[in-house]
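Student: what would the 3D arrangement of this be:
(one chain, ligands or ions: 1)
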Amino acid sequence: MEYTAGHYDTIVIGAGHAGCEAALATARMGKETLLLAINLDSVAMMPCNPSIGGTGKGHLVREIDALGGEMGKNIDATMIQCRMLNTGKGPAVHSLRAQADKKAYQFRMKAVVENTEHLTLRQQEATKLIVEDQKIVGVQVVTGATYTCETCVVCTGTYLKGKIFMGEVQYEGGPNGMFPARFLSDSLEEAGFHLQRFKTGTPARVDAKTLDYTKMIVQKGDEIITPFSFETEAIAIDQIDCYLTYTNEATHRIINANLDRSPLVTGDVVGVGPRYCPSIETKVMRFADKDHHQMFMEPEGRNTQEVYVQGMSSCLPEDVQIALYRTVPGMEHVAFMRSAYAIEYDCIHPTELKATLESKRIRGLFFAGQINGTSGYEEAGAQGIVAGINAALLLDRKEPMILDRSQAYIGVLIDDIINEDASEPYRMMTSRAEYRLLLRQDNADLRLTPIGHRVGLISEERYQRFLQKKTAIADEVDRMGCVTVPPSESANAILSRLGTTVLKSGMPLGQLMKRPEINYANTAALDPQRPALPNNVCEEVEIQLKYEGYISKQIKQVEQFKKLESKRIPEGLHYHHIEGLRLEAAEKLNAVQPMSLGQASRISGVSPADIAVLHVYLENHRGE
Ligand SMILES: Cc1cc2nc3c(=O)[nH]c(=O)nc-3n(C[C@H](O)[C@H](O)[C@H](O)COP(=O)(O)OP(=O)(O)OC[C@H]3O[C@@H](n4cnc5c(N)ncnc54)[C@H](O)[C@@H]3O)c2cc1C
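Tutor: A predicted model of the protein is given here:
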């Protein structure tokens with residue numbers, strides 16, 4: 001029976017990583033929010049890796065936190081191991097990565113959602129979007145109930161017409177044994193969205209009792225854990241070890257002998273998978289000259305024997321999976337608890353979205369997460385908070401929040417997906433950010449917390465603490481520039497001990513910091529007036545002084561970038577009427593409707609010559 005079940009400012013469809021951030025943002029901004037999930041056991045579920053962060057992804061988590069999101073706090077509270085990756089390289093690519101206790105992660109996020117004011121959580125399958133006059137006005141669910149709304153954020157992950165593949169075995173299904181969303185795809189198509197099929201895979205979960213860790217290499221967490229959230233002071237936990245092992249020729253032989261039973265090879269899987277997290281059979285085929293691949297044993301929590309086998313994602317038949325896993329040292333007697341599988345699902349083309357993640361055609365309808373053709377929990381959470389903030393700002397008739405490529409990895413992510421129609425699931429990587437020396441994980445708060453405060457997600461108390469930190473950094477950088485180290489015997493003795501050239505004349509400490517042998521901590525003896533400062537302030541001071549030259553170069557590049565970004569393009573411009581523009585460029589520009597010349601220049605298929613034509617056109621029609 002159809003009936004009206006209530007009215008909300010915002011309905012968020014899907015309570016995964018995108019949906020939780022979106023709903024928390026709208027509710028915390030005071031909007032009555034309904035959060036729907038097919039199954040409440042799927043709230044913040046991690047259907048794959050039990051980890052948050054990693055290269056490029058750790059940056060996203062820090063940025064979500066700096067804006068006032070939950071993901072960073074949630075992983076800080078539920079991690080079982082943490083490592084800062086890439087510490088051998090420069091600070092631009094340092095990335096935090098933590099193993100989560102999967103269930104604890106879910107339960108904590110669910111509790112936060114349940115206890116947030118203005119937020120209602122409900123198990124319901126959304127089946128239909130109700131659109132009137134190109135505006136979202138409601139959502140119908142499978143029981144026949146209709147909820148009316150002003151705005152809606154669709155965060156349905158990998159559930160839309162989900163199909164599971166495990167060799168010859170194929171069936172309709174959602175991730176991790178959930179059931180799929182069977183109807184919403186049709187409603188999206190009716191509303192004019194073009195859908196595409198993507199796929200992703202996951203490895204088996206195995207029983208820890210059947211693994212021989214003595215044949216593997218132990219992977220310990222960091223001795224001192226760096227938290228993800230700028231609000232977490234310290235994390236003191238007993239960390240759980242992970243283990244590293246490798247495939248070998250026997251593993252590869254079994255894979256090669258059974259490729260004809262892989263749905264990837266038989267062509268049954270039509271969805272395109274992520275290039276950067278391939279299945280083991282894809283790795284063996286693509287990198288045929290490699291005789292081994294690494295794999296990590298990652299415990300899924302403190303109170304379970306389930307172990308995630310990172311690197312062994314597969315959609316080969318179950319009997320083949322078991323046989324090939326058993327060729328690996330330490331896994332000779334492995335028992336499976338959940339088999340590996342691939343999942344294929346519907347997603348939209350994010351080129352149909354504005355930079356706010358609102359649909360270009362349907363007012364008030366936003367999209368975030370894997371539905372936008374991305375992969376990864378962190379990418380989903382990042383889009384979720386942006387869509388949530390913008391849905392709330394739209395309701396308040398306020399300026400939208402758009403982060404650009406020079407401000408945040410989140411800006412890079414959204415700019416990439418709305419401008420270039422990705423042909424495979426999009427994954428964040430540090431190499432995608434052109435200003436990565438400015439977009440470090442350590443300074444995400446300096447970049448974004450003022451924005452989080454402005455939109456209402458950062459409390460006054462947190463903002464004041466942030467301002468104190470910012471002032472302390474600036475003061476210390478200035479002070480270090482003013483302290484001169486004399487060419488005295490005692491100072492030079494210290495410098496010699498540090499393995500660096502002695503001084504012939506005085507040098508500011510800030511200048512000395514640029515030497516590779518020198519850091520903030522080891523110059524304390526040269527700096528008797530140094531104030532006692534928190535570690536996060538010292539770290540920032542060191543980076544700002546050490547990389548000053550590179551940072552100012554990048555700031556100059558950003559100024560150039562901003563010039564093109566500030567050249568606005570009027571809405572609804574008919575590109576086909578612009579003389580000199582190539583047909584392909586006009587078509588792409590018409591489809592994307594970029595907001596600025598800068599955005600236009602990043603659309604694939606639009607050349608620098610097209611941009612020059614467009615630039616001249618805009619100059620000639622200024623003020624019209
Ligand atoms: C097999 C597999 C392997 C993966 N591998 C990894 C990995 O290793 N690492 C990684 O970072 N990412 C991985 N991913 C991707 C990761 O799960 C997603 O990127 C991330 O969870 C996406 O978040 P999301 O919020 O977009 O969607 P999800 O987390 O999938 O959440 C979707 C939510 O939408 C709800 N929902 C869906 N349809 C409806 C509807 N019609 N009505 C109501 N509610 C609905 C669901 O109940 C769920 O709550 C994998 C995913 C799968 C399934």
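
Student: count of neighbours near the residue of the stretch 301-450 of the chain found nearest the ligand?
Tutor: At 2.3 Å from the ligand, residue 369 is the closest residue in the stretch 301-450 of the chain, using Cβ to the nearest ligand atom. To be clear about C-beta, it is placed using only N, CA and C from the backbone, and glycine gets the same treatment. Neighbourhood size, residue 369 [other Cβ atoms under 10 Å]: 32.

Student: what about residue 561, distance to residue 555?
Tutor: 10 Å (Cβ to Cβ, to the nearest Å).

Student: when the two are compared, which one has more neighbours?
Tutor: residue 561 (17 against 13).

Student: which residues does the more buried one contact?
Tutor: Neighbour list for residue 561: 404-406, 435, 598 [criterion: Cβ atoms under 8 Å, 6 or more residues apart in numbering].

Student: just give me the closest of those to residue 518.
Tutor: residue 435 (25.9 Å; Cβ to Cβ).

Student: my reading is that the closest one lies in a strand. Confirm?
Tutor: No - read with DSSP: H, G, I helix; E, B strand; the rest coil, residue 435 is coil and lies in no strand.

Student: do I have it right that it meets residue 559?
Tutor: No - between residue 435 and residue 559 there is no contact under Cβ atoms under 8 Å: 11.1 Å.

Student: looking at those two, which is more packed in?
Tutor: residue 435 (20 against 10).

Student: helices along the stretch 501-624 of the chain, start to end?
Tutor: Assigned by DSSP state H, counting those that start in this stretch, the helices in the stretch 501-624 of the chain fall at 509-512, 535-546, 548-566, 583-592, 597-601, 608-620.

Student: relative to the ligand, how far out is residue 161?
Tutor: 10 Å (Cβ to the nearest ligand atom, to the nearest Å).

Student: buried residues, the lowest-mean-pLDDT helix or strand in the chain. List them.
Tutor: Of the helices and strands making up the chain, the lowest-confidence element is helix 263-266, at a mean of 79, by mean pLDDT, DSSP states H and E. For helix 263-266, a neighbour-count test (16 or more other Cβ atoms under 10 Å) marks 263-264 as buried.

Student: give me the buried positions along the helix or strand that that helix is followed by.
Tutor: Next in sequence after helix 263-266, counting helices and strands by DSSP states H and E, comes helix 280-286. Buried residues in helix 280-286, counted by 16+ other Cβ under 10 Å: 280-285.

Student: in the stretch 301-450 of the chain, where is pLDDT below threshold?
Tutor: Low-confidence regions of the stretch 301-450 of the chain, defined here as pLDDT under 70, do not occur.

Student: please, where are all the helices along it?
Tutor: 318-325, 377-395, 409-419, 444-455.

Student: columns mean neighbour count on top of those, output as a markdown table?
Tutor: Formatted as a markdown table, the helices of the stretch 301-450 of the chain follow (neighbours: other Cβ atoms under 10 Å):
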| stretch | mean neighbour count |
| --- | --- |
| helix 318-325 | 20 |
| helix 377-395 | 29 |
| helix 409-419 | 24 |
| helix 444-455 | 21 |
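
Student: any chance of these in JSON lines, plus distance to residue 250?
Tutor: Below are these laid out as JSON lines (distance: least, Cβ to Cβ, whole Å):
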{"stretch": "helix 318-325", "distance to residue 250": "8"}
{"stretch": "helix 377-395", "distance to residue 250": "33"}
{"stretch": "helix 409-419", "distance to residue 250": "40"}
{"stretch": "helix 444-455", "distance to residue 250": "45"}
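
Student: so which of those is nearest residue 150?
Tutor: Taking those one by one with Cβ to Cβ, helix 377-395 is closest: 5.8 Å.

Student: and that closest one, how far out from the chain's middle?
Tutor: 12 Å (Cα atoms, centre = their mean, to the nearest Å).

Student: how long is stretch 194-212 end to end?
Tutor: Using Cα to Cα, to the nearest Å, the end-to-end distance of stretch 194-212 comes out at 49 Å.

Student: what residues sit buried inside that stretch?
Tutor: 195-196, 198-206, 208, 210-211.

Student: cool, stretch 572-583 as well?
Tutor: 573, 575, 578, 581.

Student: which of these sit farthest apart?
Tutor: 573 and 581 (10.7 Å).

Student: need the overlap of contacts for those two.
Tutor: Common neighbours of residue 573 and residue 581 (Cβ under 8 Å, 6+ apart) are residue 589.

Student: do you know the pLDDT at the residue of the chain most remote from its centre?
Tutor: In the chain, the residue that sits farthest from the middle, by Cα atoms, centre = their mean, is residue 489; the gap is 51.5 Å. Residue 489 is assigned 94 on the pLDDT scale.

Student: so the residue in the stretch 151-300 of the chain positioned nearest to the ligand: helix, strand or coil?
Tutor: At 2.0 Å from the ligand, residue 157 is the closest residue in the stretch 151-300 of the chain, using Cβ to the nearest ligand atom. Here residue 157 is coil, with the state taken from three-state DSSP.

Student: pretty sure it sits against residue 15.
Tutor: No - contact criterion Cβ under 8 Å: residue 157 and residue 15 do not qualify, at 9.6 Å.

Student: tally of neighbours for the residue of the stretch 151-300 of the chain closest to the ligand?
Tutor: 29.

Student: and it, what's its pLDDT?
Tutor: pLDDT, residue 157: 97.

Student: now it: phi and psi?
Tutor: phi 60, psi -130 (degrees, to the nearest 10).

Student: what sits against it?
Tutor: 14, 16, 18, 175, 345, 369-371, 380.

Student: give me the distance from the top helix by length along the chain to the chain's centre.
Tutor: Ranked by residue count, the top helix of the chain under DSSP state H comes out as helix 460-482. Remark: helix 460-482 is offset 28 Å from the chain centroid, using Cα atoms, centre = their mean.
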